[in-house]
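> Just a sequence and a predicted model for now, questions to come.
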Amino acid sequence: MVVGTNLIMYQGHSNAVWTVAWSPDGKYVASGDSDGLIQVWNAQNGEQICSCFHESNVYTVTWSPNSTSIASGHYDTTVQLWNALIGTSLRTYNGHTEEISSVAWSPDGDSIASASYDGTVQIWNADSGNTITTYRGPDEAFGGVAWSPDGKYIAASSYDMTIYIWHAFMGSLRYMCQGHSSGIHTVAWSPDGTRIASASDDKTARIWEAATGRCLVVYQNHIGTLWGVAWSPDGKYVASASDDRTVQIWEAASGNHIYTYQGHVHDRWVRTIAWSPDGTRIVSGGSRIAPSGFGIEGTVHVWRAL
């Protein structure tokens, strides 16, 4: 099967898809849209498993490490926790004062990090909802948050063009990564914890050395804002999603372009991507004008990766 072959087009969303996430066990995909609807579906055949609804735009979803729960971040400033297999609500976190841009589950499954336009990243207990630590930025919105694979650090991207690396739970700043010329939407830690990828309004993606904050690679092949980056499970490649309606795959070490997925060519944009845990597939999401010519519908594609 050739690279880029479309395996599934998921039809469950009637509004723009802002976020997708692959379950760690590889069995399911969760996707969230502007209507407040989260769909959980079978990653092999697109069959719907369940749906979760909260009456506010879904901007971000993340799976628990054991693939049983989902955390979702919303426009109404809340983070919602769900049973991922039956769709029931488990908890609401109300610690933020503005919309939630990103959520990330700790590797041990005990804690959740949530980033917000209120200029904070908050760490809280997944079982109780109690706030553990709050990181405060320079009065700018945070776009993305990611937990290091060893659970020791938090990376968060800000619209002040900086990535902040904190010691998890302690709240102390380790270092900053600077080099983007516009706001940074997303950060992602490499599987081995040695590098960080970022996506920016400046139409570039960058790779940073996690131990020092030094920029290693600048990827410049997109012609629109970048919204998402995802590492291949072996850490050799990065996929990036853009307003230019493409997902591009490139070498993390060199920045060499490998492949461009054009399946979203009729969409308005591509905002979100995730790599399957086995490395064989990528899921990407966006939106387009409905075939009727009225309104917007969400588009989710599962396609063959390298």
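Looks like it came in fine. Numbering: from 1, shown residues only.
> Residue 148 contacts residue 210, correct?
Yes - Residue 148 lies in contact with residue 210 (Cβ atoms under 8 Å); the separation is 7.2 Å. Any C-beta I mention is one placed from the backbone N, CA and C, and that applies to glycine too.
> what stretches of the protein score poorly on pLDDT?
Within the chain, the set of residues satisfying pLDDT under 70 comprises 293-294.
> OK, contacts around residue 81?
Contacts for residue 81 were tallied using Cβ atoms under 8 Å, 6 or more residues apart in numbering; they are 69-71, 89-93, 126.
> switch to 7 Å and redo it
Residue 81 is in contact with 69, 71, 90-91, counting by Cβ atoms under 7 Å, 6 or more residues apart in numbering.
> Mind listing the residues bridging to it?
Residues found in beta-bridge contact with residue 81 (criterion: DSSP bridges) are residue 71, residue 91.
> Could you report the neighbour count for residue 194?
Residues lying near residue 194 (other Cβ atoms under 10 Å) number 15.
> Over to the one 4 residues further on?
Neighbourhood size, residue 198 [other Cβ under 10 Å]: 27.
> Tell me how far it lies from residue 90.
The span separating residue 198 from residue 90 equals 31 Å under the rule Cβ to Cβ, to the nearest Å.
> for residue 191, same thing?
In this structure, residue 191 and residue 90 are 28 Å apart, going by Cβ to Cβ.
> Next: residue 117.
Per Cβ to Cβ, residue 117 is found 24 Å from residue 90.
> neighbour count winner among those two?
The residue with more neighbours, out of residue 117 and residue 90 and counting by other Cβ under 10 Å, is residue 117; that gives 19 against 15.
> Now do the strands in the stretch 1-150 of the chain.
Counting by DSSP state E, counting those that start in this stretch, the stretch 1-150 of the chain has strands at residues 6-10, 17-22, 28-33, 37-42, 48-53, 58-63, 69-74, 79-83, 89-93, 100-105, 111-116, 120-125, 131-136, 142-147.
> One more: the stretch 201-306 of the chain?
Residue ranges of the strands in the stretch 201-306 of the chain, as given by DSSP E, counting those that start in this stretch, are 205-209, 215-219, 226-231, 237-242, 247-251, 257-261, 269-275, 281-289, 296-304.
> got the ones you listed as TSV, with mean neighbour count and distance to residue 54 columns?
What follows is the strands of the stretch 201-306 of the chain, written out as TSV (neighbours: other Cβ atoms under 10 Å; distance: least, Cβ to Cβ, whole Å):
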stretch	mean neighbour count	distance to residue 54
strand 205-209	24	31
strand 215-219	17	35
strand 226-231	25	22
strand 237-242	26	24
strand 247-251	22	28
strand 257-261	17	30
strand 269-275	26	18
strand 281-289	23	18
strand 296-304	21	16
